[in-house]
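# A structural model of the following input is requested.
(chains A and B)
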Amino acid sequence: MSEQSVTASPLCSVADLTPGSGTAVIWNGEQIALFYLPDQEPCVYGVGNYDPLGGANVISRGIVGDRAGTLVVASPLYKQHFSLRDGRCLEEPDTVLPVYPVAIAGDQVVIHD
Amino acid sequence: MNDKTDNVVIIGNGMVGHHFATTLATEGSEANIVIVGEEPRCAYDRVHLSELFAGKAPADLALATEEQYKRLGIEVRLGSAVVSVDTGQHEIELADNTRLQYDKLVMATGSYPFVPPIPGNTLKGCFVYRTIEDLDAIRSAAENASTGVVIGGGLLGLECANALKNLGLDTHVVEFAPGLMGVQLDTTGSAVLREHIEALDVTVHTDTATQEIAAEDNRLILRFANGSTLETDLVVFSAGIRPQDQLARDADLEVGPRGGIVVDEQCVTSHPDVLAIGECALYDNRIFGLVAPGYRMAETAVATLSSGTERFTGADMSTKLKLLGVEVGSIGDAHGADESSQAYTYRDPVRNVYRRMNVSADGRFITGAVLVGDTEPYDQILQHYLNHLPLPDAPESLLVSAAEGGGLSADLLPDSAAVCSCHNVTKGEIVASVAKGCVDLGELKSTTRASTGCGGCAALLKSVFDTELEAQGIAVDKSICEHFAHTRQELFHICQVEQIRDMPTLLSRHGQGLGCDICKPAAASIFASLYNDYVLDAQHVGLQDTNDHMLANMQKNGTYSVVPRIPGGEITPDKLIAIGEVAKRYDLYTKITGGQRIDLFGAHAHELPLIWRELVDAGFETGHAYGKSLRTVKSCVGSTWCRYGVQDSVGMALTLENRYKGLRSPHKLKLAVSGCTRECAEAQSKDVGVIATEGGWNLYVGGNGGMRPRHADLFATDLDDATLIRYIDRFLMFYVRTADRLQRTSVWLESLEGGLDYAREVVIDDSLGIGAELEAQMASIVGTYQCEWKTTIEDPEQLKRFRAFANSDEPDPGVRFVRERGQKRPAREEELINLAVEV
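Numbering: from 1, shown residues only, chains lettered A, B, ... in the order given. Purely as a prediction, here's the structure:
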C-alpha cells in the first residue's frame, strides 16, 4: 500500500478523523465507518456503517478496542463486536460487515477502487 | 390417630402460623389449607413493629397478602375469632357460628401481653404492645401527649420504649427487677445497657414496683412502692408474654402448670390430630418466645403431617439485637449460673462496651456470653458455643474483635452448624451449593436465603463461602474484562492514588491490549467521578459509551432523544413554551418522562448542537439522561401548596438536583423528595429518597424500580437540611468509590459486608474516618460542574463530530419516519419497503 494507486479516491481529510474513534463517510451512496487508530498498523480501517443486527447506520459511533487481540468495534445499539479487519461479527459469525480498502495518503483518507 | 390430612386448619395468622401454612403449601401438599386469623390483616413482621413509628407503613411489615395466599391455594379467614375446638368431632366453631371441619388442626395462637394486676391498669391511656392496632391506638393517644411510660424493662419493653421515643415522647421505663433485660444480661451488662439508654434521654426506674395507676386531670399518676410518683399521659404494659392457650384448655388439651400447650418433639399435642407451634406451645416445659424456634416448630409440624423425620428438640435462645440503637447480645448461660464456670470480661470505657464470656471449669468450652454496646464478636462466640468447638489458645482474643481475634476459621465448623439462624441454613447446604457450581455470593444468598433475614451472619457466611471456594480450588475472577485483572473498585483506587487521568496511562501501567466497550466507559466514568473533566475531551471521547458519546440517547433507528434538565420537575410557562417551540421546529416526538421532565425524540445527530443552542439560550442545561449519572430528583408540590405537606419538598429537590447534577456514577442515580408521609413523589423507589417529617427529613437509600423493584431502606430519621445533605454526599461518594460497574445502589448495599448497617456506620458514625474526604470529593465535583452541552456548542472543533458524514452535510438517508397520533415515529421494517417504493 506504500505505493499510491492511481485509482484511489479521496473520502475526507485526516483532520476530520478523531484518534481512537469512528467517523462516517458516504461514498457512491454507500455509508462507510472509518476508524482511526494512530498506534496500529495500518492506522485507518473502513467497514460498513450499517449494523445488520440493529438495523441502523450506527457502526461509526461504536467503541473500538480489542477482543483477544482482534481489533473490533462494538455496535452502539446492542453491543455485538465486529472485526475491523474482516468485518466478521464475533458473536454471530454468519453476519459480516463489508470491508473497504481505505488508506491514508498525505493529509487525505482515500479508498482504492 | 387420623391419618387423613385432607383438611388442615390453622388457628392464628402470626409469623409462625404464616410460615407453617406457606411451607406446607409450597412443599406440594394437596391438603386444603385454611387459616383462621383473629387480627383483621394478613400475617406481618411483629419483630419490627416499632418501625411503624420510624417511617414504615403496615404494608412494609406485611409477610403476605390475601392475593398471595390465594395463589398458594390457601384459604384465609381474617378477623375471625375461634370460640371453641371440638377434638371429638374434629371441628372448630367461629364467632359467627360457622363450623369448620378439620383432619389436622394446628394451633399457632401465639401469646398475649401480660398485664400486671395493678389497680387502674385498664384506665384510659393504658395500652399493650402487640399488634398493629395496638400501635395505632398508642399513636393517636401520643398526638396530645408529652410523656409515656413503659412498664417492663425486658427485651419487649425496651423495644416499646424505642417506639415511644420515635413518637417524640419523654420516655420512662419502669422495671420491677434490679436490672434491665435481667433474663438475657448479667448485672454489669444490665448496668452498661442502662447507661447507654439513659444517654438517649430515656429515664430508667429499676427496683420499682408500680402499686397503683390513678387518673387525675386527664393525666395518669403512677404510685410506686417506694412512695414516689410519676405523672404521665400514657402507660404501655410490656411486662412479658403469656401463651395464648385458652382454646386448648377449653378443649381439654394438656397444658403446662404455668400455661402453654404441651407438645412432643413432633409438635403434636395431647390429642394426636392437634398440633401446636410457636409461642403457644410448651416443649420440655419451656416456651420458645423467639421467631426462629417458632419457624423450626412450623417446619417440624409440616414434616409431621407429611411423615417427614424432622423433630423439634428445643432451640438455642441466644439472641443479638439493637435496642434503641444499642447493640445487645446474649448467648447460652449468660449469667454464669453454673458455679463451676469461669468468666472472661472485656471493658472499653471510651465506647462503653462490655463483653463477658463464660467458659467451662476446664477452660475449654464456651458456656455463655453477654455483649453490650458492640456485638461484633457475637457470631464467632455463638458458633463456638453452638458447635462445642474448643477455645483457641488465647480465648480472650475472641472477646476483642472478630478480625483481631483471627476470626472463626470456617473449616472448624461441622457441616451441621447453622450459619444463618433466621433461615436455618447450615454450612453443609452452603458447601453443597458451591459444589453445584455457585461461585457468586449474591447468587448464594438468593438460592439458599442465607443472610437475607437479620443479616447478622453476613461476615460468617462470606468466610464459609470463601473457604469453600478455596477448598474446591475455585478461583473467582472478578476482573472487569480481559484488559484489566482488577475490579472497578480497584481501578478507582488505582486512578485515585496514582492520579491517572487518561486511558493510555491506565492501560500501560495496569492493563493490557487496547481496551474495549466494557473497560473504556468504566474508566471514563472513574475519571469523571475523580476529576470531572469535560467528557468529550480528545483523550476521553473514544471511551464514551453510546449515549455519552453524543450527549444524547441513541434510539433504535440511530437518531437521538434530547432531555433538558427540569430540576425538581418545576418549570415556568415560558420555558415550557421554549421546549415546545424547539420540538415543533425540529419536528421532535414529545413525551413526558417518569422523572418529571420532557423527552424529545427523533433528532438527527447533526441537529443536536442546533437544538441545544436554542435550549441553552432559553436557559436550559443538559439533563444527563444519557449518562450513568444523576438523572432526576422527583418531587411532590410539598408544603408550599399542599394541604398535607410538612416541608418544602420542591425546594429541597431543587437543592439536591442542582447539587448532584453532573455526578458520574457506576450506574444511573434517581432521587426523590416527598413533602409528607403520603409519599406522592415515590421516594421509596429511588436510590436516595427523602420524606419530610414534622421534625425534618427521613432519608431512605437503595430503592429502585425496573426489572427487580426494591423498596428503599430507612437510613436515618428527622435530619435537618445540612445533615441530610452531608449524609447524601457521603453515601453517594462511598457508592461511587466502591460499587461495581453497572451496579445499582440496591445491589451494592446487598454486596457490602455488613450491608445497610455497615453503610450507616461509614456514613453516619464515620467509622472509617473518611467522612470528610468523601464530602471534599463531592464538593470538588459540585464545584467543577459544567453543562456539557454549553461547552460543546461553544467549541467549533466538537461540532464536526455531530455531522452524519465527514464528507457531506446531508443527514443519514437511512432514517425514515412515519406519522402516528399527530407526531412522527421511526418507520417499521415493512413500512420502509413501502417508503422505498414511493421514492
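# any chance you could map the strands in the stretch 651-800 of chain B?
When assigned using DSSP state E, counting those that start in this stretch, the strands of the stretch 651-800 of chain B occupy the ranges B:669-674, B:688-693, B:696-701, B:713-719.
# can you tell me which of those is nearest to chain A?
strand B:669-674 (22.4 Å; C-beta to the nearest C-beta). For the C-beta atoms, the positions are set from N, CA and C on the backbone; glycine is no exception.
# the closest one: how far from the chain's middle?
Centre-to-centre, strand B:669-674 and its host chain are 17 Å apart (C-alpha atoms, centre = their mean, to the nearest Å).
# could you do stretch B:726-743 as well?
The answer for stretch B:726-743 is 17 Å, by C-alpha atoms, centre = their mean.
# got the buried residues for that stretch?
B:726-741, B:743 (16 or more other C-beta atoms under 10 Å in any protein chain shown).
# can you tell me which of those residues are up against chain A?
The subset of the buried residues of stretch B:726-743 within reach of chain A, counting by C-beta under 8 Å from any C-beta of the partner chain, is empty.
# export the strands of the stretch 651-800 of chain B as JSON lines, with columns for mean pLDDT and distance to chain A.
Shown next, in JSON lines, are the strands of the stretch 651-800 of chain B (pLDDT from 0 to 100; distance: least, C-beta to the nearest C-beta, whole Å):
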{"stretch": "strand B:669-674", "mean pLDDT": "96", "distance to chain A": "22"}
{"stretch": "strand B:688-693", "mean pLDDT": "96", "distance to chain A": "29"}
{"stretch": "strand B:696-701", "mean pLDDT": "96", "distance to chain A": "30"}
{"stretch": "strand B:713-719", "mean pLDDT": "93", "distance to chain A": "33"}
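# helix or strand with the lowest mean pLDDT in chain B?
helix B:829-838 (a mean of 71; mean pLDDT, DSSP states H and E).
# pLDDT value on the most centrally placed residue in chain A, please?
Centroid-nearest residue in chain A: A:Gly46, 2.7 Å away (criterion: C-alpha atoms, centre = their mean). Each residue has a pLDDT score; the one for A:Gly46 is 97.
# what does the stretch 351-500 of chain B have sitting close to chain A?
B:482-483.
# quick one, helices of the stretch 351-500 of chain B?
Ranges of helices in the stretch 351-500 of chain B, per DSSP state H, counting those that start in this stretch, are B:378-386, B:397-400, B:427-435, B:441-448, B:458-471, B:488-498.
# residues in contact with the fourth one?
Contact partners of helix B:441-448, identified using C-beta atoms under 8 Å, 6 or more residues apart in numbering or on different chains, comprise B:420, B:423, B:425, B:429-430, B:433-434, B:438, B:450-452, B:461-462, B:465, B:747, B:750-751.
# next: the third one.
Outside helix B:427-435, the residues that touch it by C-beta under 8 Å, 6+ apart are B:410, B:413-417, B:419, B:444, B:447-448, B:450, B:461, B:464-465, B:468-469, B:472, B:474.
# that helix: which residues count as buried?
Buried residues in helix B:427-435 (16+ other C-beta under 10 Å): B:427, B:429-431, B:433-434.
# ok so, going back, would you mind finding the most buried of the strands of the stretch 651-800 of chain B?
strand B:669-674 (a mean of 28; mean count of other C-beta atoms under 10 Å in any protein chain shown).
# CA atoms only for that strand, dumped as PDB, please.
Extracted in PDB, the C-alpha atoms of strand B:669-674 (Å, rounded to 0.1, in the frame of the first residue of the first chain):
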ATOM      1  CA  LEU B 669     -29.000   7.600  40.100                       C
ATOM      2  CA  LYS B 670     -32.500   8.600  40.800                       C
ATOM      3  CA  LEU B 671     -33.700  10.600  43.700                       C
ATOM      4  CA  ALA B 672     -37.000  11.900  45.000                       C
ATOM      5  CA  VAL B 673     -38.300  14.200  47.800                       C
ATOM      6  CA  SER B 674     -41.800  13.800  49.200                       C
END
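# ok, now which ones touch A:Leu37?
A:19-20, A:43-45, A:64, A:71, B:514 are the contacts of A:Leu37 under C-beta under 8 Å, 6+ apart.
# isn't B:Ser318 right next to B:Leu382, touching?
Yes. The pair B:Ser318 and B:Leu382 passes the contact test of C-beta atoms under 8 Å, sitting 5.7 Å apart.
# shared neighbours of those two, anything?
Looking at what touches both B:Ser318 and B:Leu382 (by C-beta under 8 Å, 6+ apart), the common residues are B:Ile331.
# of these two, who's got more company?
The neighbour count for B:Ser318 versus B:Leu382, taken as other C-beta atoms under 10 Å in any protein chain shown, is higher for B:Leu382 (26 against 21).
# ok, now how distant is that one from B:Leu389?
11 Å (C-beta to C-beta, to the nearest Å).
# please apply the same query to B:Leu630.
For B:Leu630, the distance to B:Leu389 - C-beta to C-beta - is 49 Å.
# just B:Leu220 next, same as before
52 Å.
# neighbour count for those two, which is higher?
The residue with more neighbours, out of B:Leu220 and B:Leu389, is B:Leu220; 22 against 19, by other C-beta under 10 Å.
# let's verify the more buried one: helix, strand, or coil?
strand (DSSP: H, G, I helix; E, B strand; the rest coil).
# and chain B, which of its residues are near chain A?
Counting by C-beta under 8 Å from any C-beta, chain B sits next to chain A at B:482-483, B:513-517, B:519-521, B:538, B:541-546, B:549-550, B:554, B:556-558, B:800-801, B:804-808, B:810, B:812, B:814-815, B:829.
# of those residues, grab the buried ones for PyMOL.
Burial among those is assessed by 16+ other C-beta under 10 Å; the matching PyMOL selection reads:
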select buried, chain B and resi 482+483+513+514+515+516+517+519+520+521+541+542+543+544+545+546+549+550+554+557+558+801+804+805+806+807+812+814+815
